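J.: Structure for the following, please:
(one chain, ligands or ions: 1)
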Amino acid sequence: MGYDYALVHLIYTIPPAILLSIVYSPLCTRLDIYRIVFLLTIAVVSTLPWDSYLVRARIWSYPETAVIGLTILDVPLEEVFFFFIQTFNTTLLYLILNKPILHSVYLVKEQKGRNDKWKYIRLIGQVALGLTLKKGVDYVRAGGNETYLGLILVWAVPFLLALWSLSYQFLVSLPVTSTILPIALPTVYLWIVDTLALKRGTWVIGSGTKTGLTFWPGLEIEEALFFLLTNCLIVFGLVTFDTAIAILNTFPAHFRHVPALPTPWFAMRALLLPSTTYDDDRTIGLQQAVARLRAKSRSFYLASSAFQGRLRIDLIILYSFCRVADDLIDNASDAAEAKQWVQKLKTFLDLCYSGKVKTANGNLIDARDPNQGPATLYAVRQFPPDAQLTLLLLPTDRLDQEPLYELLRGFDMDLAFSDSSLTGPIKTEQDLDLYGARVAGTVALLCIQLVLYHYPGTSEAKAKRLMGAGHDMGIALQYTNIARDLIVDAENKRVYVPPSWLKKEKLTPESFAGGLTKASGAEQDDFFLKKLSTIRQRLLDRAFHFYDRSVGAIEELPAPARAPMRVAVESYMQIARELRKPGFKVKAGRATVPVWKRLWVAWRMLQGPRKR
Ligand SMILES: CC(C)=CCC/C(C)=C/CC/C(C)=C/CC/C(C)=C/[C@@H]1[C@@H](COP(=O)(O)OP(=O)(O)O)[C@]1(C)CC/C=C(\C)CC/C=C(\C)CCC=C(C)C
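T.: As a prediction, this is how the structure comes out:
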């Protein structure tokens, strides 16, 4: 009896498991626990009989002085724990690296017929794995020095072949950080651990059944291959799981309801759905929406990874809709064109909410029918190509129309700004509150509606309370947005600060905009900077006034949405906290929060509300 093997775990495998668990625990969902347990069970059950055979055939062995002596099917307990802990560590690393990814955007509709590249990609993989398997069988049959190598291949490759056949699209197109990295990192780490263990004689490979080749001094080629293939198996398994979940979440037309924890049979139905039947308007529309979110809002992009399933998809589409609408209006060449976009968006919404309509041949169809619905036809005919799919995907069946129209009224207010009226529609503090309510309070209402749709069961009274608080929180975010963008807005001839606030600082809208748009902070005199700071602080005070009275309501949201909503709100409010710091320097452009701080805030917010 000895403790060498147990020490390997104590020193090398348990500490990373603890570290990874600490990092991942605030992000862990029920679905994650479900898949971790599922994978651990498969890993142990599928490896144990094979390993037991290797031990009994003395292909590898464990000196009595290195193990405590307890066994399952002749396999030392420490070894069984190894399957467990390796699967656990690689799985957690995979989950951490895949959290930012919306897997739906990697689903590709394949073409029927011969010309589709995916058919060949799948086939090449299958042939390569098939030939490798054949080689493994040959080695085992020959029964010489390649036996162990053959046994590894014969055991691992059939699983890899099956998993490849189900998830080749993701295995090929997911970023390397999602697939190669979670294979490579633990593999190299375990190679190092194995080299040390073999040198110390913690486990021993029998001499007549190994090639004798080494990958590097002290690391037998069979061991290197074993760790590589086991990590491939774990990651291929996880990718296949993600493929199934992505298919289920992305295509409501195929899967109307998705259980929170889909059974393996249900997941298999998704995996076996022919990819020629995928709705590519949805996958391409989602690709565009994610690209837009990623490019335009670091806060909401980060927050979106904390949401799950169909709610995450709906929020990303909602963001994309708001962004597209805002950009169409903001980037119009003149006020007349901007007004036209507002009108077109209104007409589009009118059509979306017109219910069933009669076609020319008398059939009743849904206004949003993807082929002939008037809303669809209008979006395709009246909007630029990069906006169309976002409009088509907007989930109007689960959003009230009023906040959407009110948002357009907010955009309309922006059209009142001009060279001759720098403060546009903002005459008083109430006007600014109203503007915030329209462009951001509405967005909050829409977000909460989506949350309540995906997690039903909230009473009407509570829903009303949540809406009220959310509306206030939207205004808080908008005040932060204005405080952040003072310079950018002034460059665009917009001053959102109420004239009475400016007057108190002995400024006019013109002198304020003039001071802000000077080439650099250095040219702005101290006198102006003091006034600017006072005005910015006043905007931030108002932001925190709305924030303070609404933040508590986040904890009343349905449980799975609380932490992600905290991340969304707090990562944006962090901008306000940065701007509020006494030493904050006014620079050209926008104030930003460093990436590490965003991540830190997000991680903390996932664990619980801010202490007050
Ligand atoms: C996680 C995720 C993907 C969330 C999506 C949130 C969403 C739909 C945001 C839409 C943003 C948008 C483009 C709106 C158009 C009008 C506008 C510009 C509003 C301002 C946003 C600023 O975004 P950004 O800085 O990227 O824009 P500019 O560069 O300045 O153009 C706003 C400040 C409004 C954003 C308001 C919200 C997201 C509402 C927040 C409140 C909640 C989610 C409710 C919280 C719940 C309770 C119970 C308190």
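J.: tell me the contacts of the closest residue to T508 other than its chain neighbours?
T.: Leaving out its chain neighbours, the residue that sits closest to T508 by C-beta to C-beta, 6 or more residues apart in numbering is L502, at 6.4 Å. Glycine gets a C-beta too; all of them are placed from N, C-alpha and C. Residues in contact with L502 (C-beta atoms under 8 Å, 6 or more residues apart in numbering) are V495, T508, P509, F512, I535.
J.: What residues sit buried inside the helix or strand harbouring F527?
T.: Per DSSP states H and E, F527 falls inside helix 526-550. For helix 526-550, burial by neighbour count (16 or more other C-beta atoms under 10 Å) applies to 528, 531-532, 535-536, 538-540, 542-544, 546-547, 550.
J.: Same question for stretch 86-101.
T.: Using 16+ other C-beta under 10 Å as the test for burial, stretch 86-101 gives 86-95, 97-98, 101.
J.: Please list the residues of the stretch 201-350 of the chain that sit near the ligand.
T.: 293, 296-297, 300, 303-304, 307, 315-316, 318-319, 322-323, 326 (C-beta under 6 Å from any ligand atom).
J.: how about a cut-off of 8 Å?
T.: Within the stretch 201-350 of the chain, the residues that sit near the ligand (C-beta under 8 Å from any ligand atom) are 293, 296-297, 299-301, 303-304, 306-307, 312, 315-316, 318-319, 321-323, 325-326, 330.
J.: now this structure, which segments are flagged as low pLDDT?
T.: Along the chain, segments meeting pLDDT under 70 span 114, 519-524, 585-589, 612.
J.: run the last query once more with 50
T.: Applying pLDDT under 50 to the chain flags no residue at all.
J.: where do the strands sit along it?
T.: All strands of the chain, identified by DSSP state E, fall at 60-61, 71-72, 75-76, 204-205, 214-216, 219-220, 356-358, 364-366.
J.: Let me know which of the ones you listed is tucked in deepest.
T.: strand 75-76 (a mean of 22; mean count of other C-beta atoms under 10 Å).
J.: Now tell me what touches that one from outside.
T.: For strand 75-76, the surrounding residues in contact (C-beta under 8 Å, 6+ apart) are Y5, L48, D51, S52, V55, Y62, V67, I68, G69, L70.
J.: how much space between T177 and Y62?
T.: 36 Å (C-beta to C-beta, to the nearest Å).
J.: Next, count neighbours for the residue in the stretch 151-300 of the chain that the ligand sits nearest to.
T.: Closest residue of the stretch 151-300 of the chain to the ligand, C-beta to the nearest ligand atom: S297 (3.6 Å). Residues contacting S297 under the criterion other C-beta atoms under 10 Å number 16.
J.: what's the closest non-adjacent residue to it?
T.: Y319 (7.1 Å).
J.: before we move on, back to that, more crowded one of T177 and Y62?
T.: Neighbours per residue (other C-beta under 10 Å) separate T177 from Y62, with Y62 holding more: 21 against 12.
J.: okay but the more buried one is in contact with E79, surely?
T.: Yes: between Y62 and E79 there is a contact under C-beta atoms under 8 Å: 7.2 Å.
J.: Correct me if wrong: G441 contacts A469.
T.: No: in this structure, G441 is not within contact of A469 by C-beta under 8 Å, at 10.6 Å.
J.: more neighbours, those two?
T.: A count of neighbours by other C-beta under 10 Å puts G441 above the other of G441 and A469, at 29 against 21.
J.: what about that one, distance to L408?
T.: The value you get for G441 to L408, if C-beta to C-beta is used, is 14 Å.
J.: what residues do these two have in common as contacts?
T.: With C-beta under 8 Å, 6+ apart as the test, G441 and L408 reach no residue in common.
J.: Intersect the buried residues of helix 526-550 with the contacts of the ligand.
T.: By C-beta under 8 Å from any ligand atom, the members of the buried residues of helix 526-550 lying near the ligand are S550.
J.: Output stretch 448-464 in CSV with nothing but the alpha carbons.
T.: Output in CSV follows, covering the C-alpha atoms of stretch 448-464 (Å, rounded to 0.1, in the frame of the first residue of the first chain):
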residue,chain,number,x,y,z
ILE,A,448,-38.8,42.2,-18.9
GLN,A,449,-41.6,41.0,-21.1
LEU,A,450,-39.3,38.6,-22.7
VAL,A,451,-38.1,37.4,-19.3
LEU,A,452,-41.6,36.8,-18.0
TYR,A,453,-42.6,35.1,-21.3
HIS,A,454,-39.7,32.6,-21.0
TYR,A,455,-40.0,32.1,-17.3
PRO,A,456,-43.8,32.2,-16.7
GLY,A,457,-45.6,32.2,-13.3
THR,A,458,-45.1,35.8,-12.0
SER,A,459,-48.3,37.3,-10.6
GLU,A,460,-49.9,40.2,-12.4
ALA,A,461,-49.2,42.6,-9.5
LYS,A,462,-45.6,41.6,-9.3
ALA,A,463,-45.2,41.9,-13.1
LYS,A,464,-46.6,45.4,-12.8
